[in-house]
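# sequence and predicted structure, then a few things I'm wondering about:
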Amino acid sequence: MPVKNRFAELLPEITAWRRDLHENPEILFETHRTSAVVADKLREFGCDEVVTGLGRTGVVGIIKGKANSSGRTIGLRADMDALPIHEETGLDYASKTPGAMHACGHDGHTAMLLGAAKYLAETRNFDGTVAVIFQPAEEGGGGGREMVDDGMMERWNIAEVYGMHNWPGVPTGQFAIRSGPFFAAADQFDIYVTGCGGHAAKPHDTLDTTVIASHIVLALQTIASRNADPVKQVVVSVTSFETGSKAYNVIPETVHLKGTVRTLDPGIQDMAEDRLKAIAEGTAATFGGTARVDYRRGYPVMINADAQTEFAADVARAVSGDCADAPLVMGGEDFAFMSNARPGAYILVGNGDTANVHHPKYNFNDEAIPAGCSWWAEIVERRLPAA
């Protein structure tokens, strides 16, 4: 089955939805306009139930098939939030909100799932129930966790859940997936280094926190190079080094480091946390200073269940003719909270030769819409086949 003809017909309409969302980006849980647009469209499509306010600003639409003898419900999830980035695309539908931009394609994900919802509400050619899930705060806010904690899975007895993300570099409308660990756990840390500040001309009268913190930054790289099994992935990145001093001649009293730790194995995750604390505290003590570490577990490893992944790949091959093996991704993805709660699969759909996600010149490729919508719809029609 190639791309469904209905989505070729709907492409101009879905593209208009997507570009409207692109013009009006909203960050984290502040997706009030986006959530309202989504809810209004789901009601317009004739969904049997539309619930707002899950996970603060999430939206769920319920679509019942022509039959319900299976008693099964499948969840389809898209994310809605944008990023705090100033857009540099120059598009005529570029962001109208300064400092906010759909730089990860969540506008496209939302539009594609809306397109699939419209089709499924029109045809209802399946046996069971579909929950179309529109989630806020994927970009660091844990909106998926919030929706799960609000009882979403139990409320509609969702048995399986499927997600999708666009992927620059993969041919437009083609798919890629992998079973097992797929996206990394993403933890955050803050390290507060304290010494004794003073005049830059008298370093002997200070405990130089910039020197201490610099040694900590370098030593943290040994977690990957000397503590982790070389065949197991871990990325430790210090992304900010703040002294609080703007003067050229002042050695600061404190330095604040922050960054992320990304892993795909729970044992490596535990080791990395332990070593980060020991290295920071021990290095600071070596120079006579102190280091306080605040380490926070973030998104868990996003794991694709074997059976659901095989099924999702079969559907992708039916839609586009092929489904490639996706690489491991060290970025975080909070679909993990949903796929931890229920078996599921997460797939990549090609965005073509575009700027990478999280780049100020990135833009979702509207040509991917028919393939993405078709995949969503076919997931339902094949997993919940009508008698």
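Happy to help now that I have it. This one's a predicted model, so the numbers in the text were calculated from it and none came from an experiment. Numbers count the residues shown, from 1 in each chain.

# can you report how many residues lie near the nearest residue to Asn227 once chain neighbours are set aside?
The spatially closest residue to Asn227, leaving aside those adjacent along the chain, is Arg275, at 5.2 Å (Cβ to Cβ, 6 or more residues apart in numbering). For glycine as for every other residue, the C-beta is placed from the backbone atoms N, C-alpha and C. Each residue near Arg275 was counted by other Cβ atoms under 10 Å, and the total is 21.

# from what I can see Arg275 touches Ala224, true?
No. Contact between Arg275 and Ala224 fails when scored by Cβ atoms under 8 Å: they sit 10.0 Å apart.

# roughly how far apart are the residue nearest to Asn227 and Val234?
10 Å (Cβ to Cβ, to the nearest Å).

# give me the common contacts of these two.
Common contact partners of Arg275 and Val234 (Cβ atoms under 8 Å, 6 or more residues apart in numbering): Ile223.

# domains of the chain?
Under the assignment automatic domain parsing, the domains of the chain span 5-181+301-383, 185-299.

# turn those into a markdown table, columns for mean pLDDT.
What follows is the domains of the chain, written out as a markdown table (pLDDT from 0 to 100):
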| stretch | mean pLDDT |
| --- | --- |
| domain 5-181+301-383 | 97 |
| domain 185-299 | 97 |
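
# hey, which of those domains is tucked in deepest?
Per residue and on average, the most neighbours among these fall to domain 5-181+301-383, with a mean of 21 (mean count of other Cβ atoms under 10 Å).

# quick check, Pro203 in contact with Asn249.
No. Applying Cβ under 8 Å as the test, Pro203 and Asn249 come out as separate, 11.3 Å apart.

# any residues in contact with both of the two?
By Cβ under 8 Å, 6+ apart, Pro203 and Asn249 have no common neighbours.

# where do the helices sit along the protein?
Using DSSP state H, the helices of the chain run over residues 5-23, 32-45, 106-123, 143-149, 152-155, 209-220, 222, 266-286, 306-320, 335-341, 369-383.

# if I take the third one and helix 5-23, what angle do their directions form?
Spelled out, it's helix 106-123. Between the axis of helix 106-123 and that of helix 5-23 there is an angle of 140 degrees, by axes from the mean of the first three to the mean of the last three Cα atoms, to 10 degrees.

# helices or strands up against helix 106-123?
Packing partners of helix 106-123 (3 or more Cβ pairs under 8 Å, 6 or more residues apart in numbering; DSSP states H and E): helix 5-23, helix 32-45, strand 58-64, strand 73-79, strand 129-135, strand 158-168, helix 369-383.
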